[in-house]
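>>> show me how the following folds:
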Amino acid sequence: MPENGTERAACCGAVTVAFPLTFMIIGLVGNILALVLVIRCYRAKDNQQKRSFLLCIFSLALTDLLGQLLISPIVIAVYLANRSWDTIDPTHNLCIFFGFNMTVFGLCPLFIASVMAVERTLAIRTPHWYASHMNVRVTALVMLGVCLFICAFGLLPVIGLGEYTVQWPGTWCFVSTSNSQLTRNLVFTSIFALLGILSLVVTVVCNLVTVEAMVSRCRNKATMSHSSKQWGRITAETLIQLLGISCILLICWAPLLIMMLKMIFTNTSLEHCKGFPLDTQNPDLQEICSVFLTAVRLASLNQLLDPWVYLLFRNFLLEKFCQLASAISKCSTNQWKERSIALAEESRQTEA
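You can find the predicted model right below:
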């Protein structure tokens, strides 16, 4: 790592403690609001049909909230210590704890989004099977299984498959790919990246299948009963929320996961970044290090943005937005008509 505060500041750019502190506050507020709203919706009698989906949303918001509470304070402490990890963690135990949380709260949102996508696909493509086999208890068991699997995976470096170490520029910990345990570290980071990409692929494919099914239903909406229309409205709302969350996950995580695989295949490690920016003779290395750090920061935004997607993409707000858009459209149309009438009158007067 850089030897002094000035060099560390150069490595990280003009990032101060205000940034992680602001992100933590926004994330905490958003996730707490989302949890409160989900609980209220879950208890409502008219939301019986989407309780499994609401449980998934609750799990996602709770996971993001715990991630914020466990990871952000450490990052803030590191920034306050002038990005000197050894100052706050001389025993290395905090680094292991941080790396474990990075693994768990990185993969959990990706897997939960996949479960949500599969749940919506089953609900729309096979409604009769879904009604008879799927319920809140099954969804809760699936969520528990996902969390236990990811926690077990996150513990692998603790028991020897890899090692959590401080990563460049000294503000976070994860499994290194450049030390005496090179092979084990490569195995762990490869599995991490592949699991993340697999979950994104499952989410995208299921969403495409679900959208296709929704389009088919919309074509037949003229013959739909009242209950079917109500089910359609509920399904449309949950699908819009799922698509929003999926887009956020894709934007936040895809660059980091792809970058990790690229660095593994090209035998590049963040250990090589520790000479940057002192090693100004290698612009390619500078670019790789800067891009990777940007990808890490982008992934950290996921916990902040997830709850706001649910808070904003709800039927009430969507209806208000549609009403506003319709009003603006009508206003523009009326103005155009009035202008056309005025021009026609002016043309007639000129001809007269």
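>>> hey, let's count contacts and neighbours off CA atoms from now on
Noted.
>>> counting neighbours, what do you get for Trp85?
If you count neighbours by other CA atoms under 10 Å, Trp85 ends up with 25.
>>> isn't it up against Trp168?
No: in this structure, Trp85 sits apart from Trp168 without contact. The criterion is CA atoms under 8 Å, and the distance is 10.7 Å.
>>> which stretches of the stretch 101-250 of the chain form strands?
If DSSP state E, counting those that start in this stretch is used as the criterion, the strands of the stretch 101-250 of the chain fall at 164-167, 172-175.
>>> figure out which of those is closest to Cys247.
Among the strands of the stretch 101-250 of the chain, strand 172-175 comes nearest to Cys247, with 25.1 Å by CA to CA.
>>> what does the closest one rub up against?
With CA atoms under 8 Å, 6 or more residues apart in numbering as the test, strand 172-175 has contacts from 75, 95-96, 98-100, 102-103, 157, 162-167, 185, 188-189.
>>> also stretch 237-245?
Residues outside stretch 237-245 that contact it (CA under 8 Å, 6+ apart) are 53, 113, 116-117, 120, 207, 211, 306, 309-310, 313-315.
>>> what does stretch 248-267 give?
Stretch 248-267 has contacts (CA under 8 Å, 6+ apart) with 110, 177, 186, 189-190, 193-194, 196-197, 200, 269, 292, 295-296, 298-302, 305-306.
>>> do the same with stretch 306-313
Contacts made with stretch 306-313 from outside it, assessed by CA under 8 Å, 6+ apart, are listed as 27, 30-31, 33-34, 61, 64, 237, 240-241, 244-245, 248, 318.
>>> report the rounded mean pLDDT for it.
In this model, stretch 306-313 has an average pLDDT of 79.
>>> pull that stretch out as CSV, backbone CA atoms only.
Coordinates of each C-alpha in stretch 306-313 appear next as CSV, following Å, rounded to 0.1, in the frame of the first residue of the first chain:
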residue,chain,number,x,y,z
ASP,A,306,-32.4,-1.4,-4.2
PRO,A,307,-34.9,-0.1,-1.6
TRP,A,308,-35.6,3.1,-3.5
VAL,A,309,-36.7,1.0,-6.6
TYR,A,310,-39.4,-0.6,-4.5
LEU,A,311,-40.3,2.6,-2.8
LEU,A,312,-40.7,4.5,-6.1
PHE,A,313,-42.0,1.7,-8.4
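>>> what residues of that stretch count as buried?
By neighbour count with 16 or more other CA atoms under 10 Å, stretch 306-313 contains the buried residues 306-311, 313.
>>> looking at the chain, which helix is longest?
As assigned by DSSP state H, the longest helix anywhere in the chain is helix 226-265.
>>> mind listing what's buried along that one?
When neighbours are counted by 16+ other CA under 10 Å, the buried residues of helix 226-265 are found to be 229, 232, 234-235, 237-261, 264.
>>> neighbours of Thr294, how many?
What Thr294 shows, counting by other CA under 10 Å, is a neighbour count of 15.
>>> just for the protein, where's the confidence low?
For the chain, the stretches flagged by pLDDT under 70 are 1-15, 45-47, 177-181, 218-235, 270-272, 274-283, 314-352.
>>> so which residues of it form helices?
Along the chain, the segments classed as helices by DSSP H run 5-12, 18-43, 51-80, 85-88, 93-125, 127-133, 136-154, 182-219, 226-265, 283-300, 302-312, 315-351.
>>> of all the ones you listed, which lies closest to Cys273?
With CA to CA, the closest approach to Cys273 among those belongs to helix 283-300: 5.9 Å.
>>> ok so, going back, any idea which of the contacts of stretch 306-313 is closest to Pro127?
Closest approach between the contacts of stretch 306-313 and Pro127, by CA to CA: Glu237, at 16.6 Å.
>>> wait, Phe23 sits on Leu304?
Yes: applying CA under 8 Å as the test, Phe23 and Leu304 come out as touching, 6.8 Å apart.
>>> of the two, which one has the most company?
Between Phe23 and Leu304, Leu304 has the larger neighbour count (other CA under 10 Å), namely 23 against 18.
>>> I'd assumed Ile32 was in contact with the more buried one.
No: using CA under 8 Å, Leu304 makes no contact with Ile32, being 11.2 Å away.
>>> distance to Trp172 added to the helices of the chain, as JSON lines?
Conversion of the helices of the chain to JSON lines gives the following (distance: least, CA to CA, whole Å):
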{"stretch": "helix 5-12", "distance to Trp172": "12"}
{"stretch": "helix 18-43", "distance to Trp172": "12"}
{"stretch": "helix 51-80", "distance to Trp172": "7"}
{"stretch": "helix 85-88", "distance to Trp172": "8"}
{"stretch": "helix 93-125", "distance to Trp172": "7"}
{"stretch": "helix 127-133", "distance to Trp172": "42"}
{"stretch": "helix 136-154", "distance to Trp172": "16"}
{"stretch": "helix 182-219", "distance to Trp172": "15"}
{"stretch": "helix 226-265", "distance to Trp172": "14"}
{"stretch": "helix 283-300", "distance to Trp172": "10"}
{"stretch": "helix 302-312", "distance to Trp172": "16"}
{"stretch": "helix 315-351", "distance to Trp172": "38"}
